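> Could you look at this predicted model? Sequence included:
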Amino acid sequence: MTELTIHRTSSAVGAEIHGVNLANLSDAEFNTIQQTFFDNGVIFFRDQTLSPEDHIAFAQRWGEINVNRFFTPVDGHPQIAQVLKEPDQDMNIGGDWHTDHSYDLDPAMGSILYAHDVPDSGGDTLFASMGAAFEALSPDFQTMLEGLTARHSSRHVFGNAGRAAVANGERIGNAELATQDAEHPVVIRHPDSGRKCLYVNPGFTLNIVGWNPDESDNLLSFLYKHAAHPRFATRFNWEVGSLAMWDNRATWHNAINDYQGQRRYMHRITVAGVPLASARTA
Ligand code: SIN
């Protein structure tokens, strides 16, 4: 029997877990995986053979599935979203720093992405730790951020006039459902680890509530530049059968669009989350 081993992929974020079969996990293995996930923000697995039912069963061990209302689902499996780029398509899905579902009132806790087809080269995904990014700021600046709230939206991305809706054609749908805005603390208390994490992202955050547009844009630009620094990040190179699960409350991710003319096809399930509390909550 192979032993479960854990290899951290950078000091800030990410751990690769070997020696497990996600289609047949013991409770002890699942408990170790869960702790590794909360400790590292994103976990990676290789060489998994998962049917859609196996993928769904693994996701359900973490909580209820949040069915994404914009992505085209896998035939017969509405819980699984397709993350697809065909050789003749220019734009990919998720090709800038973001965290999934921050536009929801109860943002998704995690996303589980499983690789079916990968390009010969390119198509990696970057992940960044929003706990490490926050901790690297000076104490007075942290205190100021902890008192702020930001507004998030799906309208500019998945709505009728949205970038993704236009460029992604039939890969993205239900633009009429992109009405949801949500306000969350700029610094949250992570619901599971208790760590303070920066919770604004370039993909879905609109503005700092109560600040004028210049103030808000300048603060957000600073935070985005700071948090995207490579010292808070790790990079994952996909193979067929790789699976990554990331914590949407603790990380950002960015799917690099550097494989023009090649196909990349993944299945994604998002796991439901809870309302996010301010870092000032005990
Ligand atoms: C996503 O943003 O959910 C997709 C990430 C990826 O395709 O690597």
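On my side now, so go ahead.

> is it true that residue 189 touches residue 281?
Yes. At 4.9 Å, residue 189 and residue 281 qualify as touching, with contact defined as CB atoms under 8 Å. Where C-beta positions appear, they are placed from N, C-alpha and C, glycine not excepted.

> The ligand contacts on the stretch 101-250 of the chain?
Contact residues (CB under 6 Å from any ligand atom) of the stretch 101-250 of the chain with the ligand: 111, 113, 125.

> residues touching the first one, list them.
Each residue near residue 111 by CB atoms under 8 Å, 6 or more residues apart in numbering is listed here: 100, 245-246, 248, 268-271.

> Show me those residues that map onto strands.
Counting by DSSP state E, the part of these found in strands is 245-246, 268-271.

> want to throw the residues of the stretch 101-250 of the chain next to the ligand into TSV with secondary structure and pLDDT?
As requested, these are exported to TSV (DSSP: H, G, I helix; E, B strand; the rest coil; pLDDT from 0 to 100):
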residue	secondary structure	pLDDT
111	strand	97
113	strand	98
125	strand	98
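
> so how far is residue 190 from the residue in the stretch 101-250 of the chain positioned nearest to the ligand?
Nearest residue of the stretch 101-250 of the chain to the ligand (CB to the nearest ligand atom) works out as residue 125 at 3.6 Å. Look at residue 125 and residue 190: by CB to CB, to the nearest Å, they are 21 Å apart.

> same question, residue 9
Where residue 190 is concerned, residue 9 sits at a distance of 20 Å (CB to CB).

> and if you look at residue 257?
Taking CB to CB, one finds residue 257 at 29 Å from residue 190.

> ditto for residue 61
On the measure of CB to CB, residue 61 and residue 190 end up 20 Å apart.

> Which one's more surrounded, those two?
residue 190 (20 against 13; other CB atoms under 10 Å).

> so where's the chain uncertain?
By pLDDT under 70, the weakly predicted segments of the chain are 1, 159-178.

> Quick one: residues contacting whatever residue of it ends up closest to the ligand.
Closest residue of the chain to the ligand, CB to the nearest ligand atom: residue 94 (2.3 Å). Going by CB under 8 Å, 6+ apart, residue 94 touches 83, 253-255.

> Same question for residue 113.
Residue 113 touches 83, 125, 243-246, 266-268, counting by CB under 8 Å, 6+ apart.

> Repeat the analysis, applying 6 Å as the threshold.
Listed by CB atoms under 6 Å, 6 or more residues apart in numbering, the contact set of residue 113 reads 244, 266, 268.

> Drop anything exposed from the residues you listed.
Neighbour counting by 16 or more other CB atoms under 10 Å classes 244, 266, 268 among those as buried.

> May I ask you to confirm that the first one is in contact with residue 43?
In this case it means residue 244. No. Between residue 244 and residue 43 there is no contact under CB atoms under 6 Å: 7.2 Å.

> Please confirm that residue 217 is located within a helix.
Yes. Judged by DSSP: H, G, I helix; E, B strand; the rest coil, residue 217 forms part of a helix.
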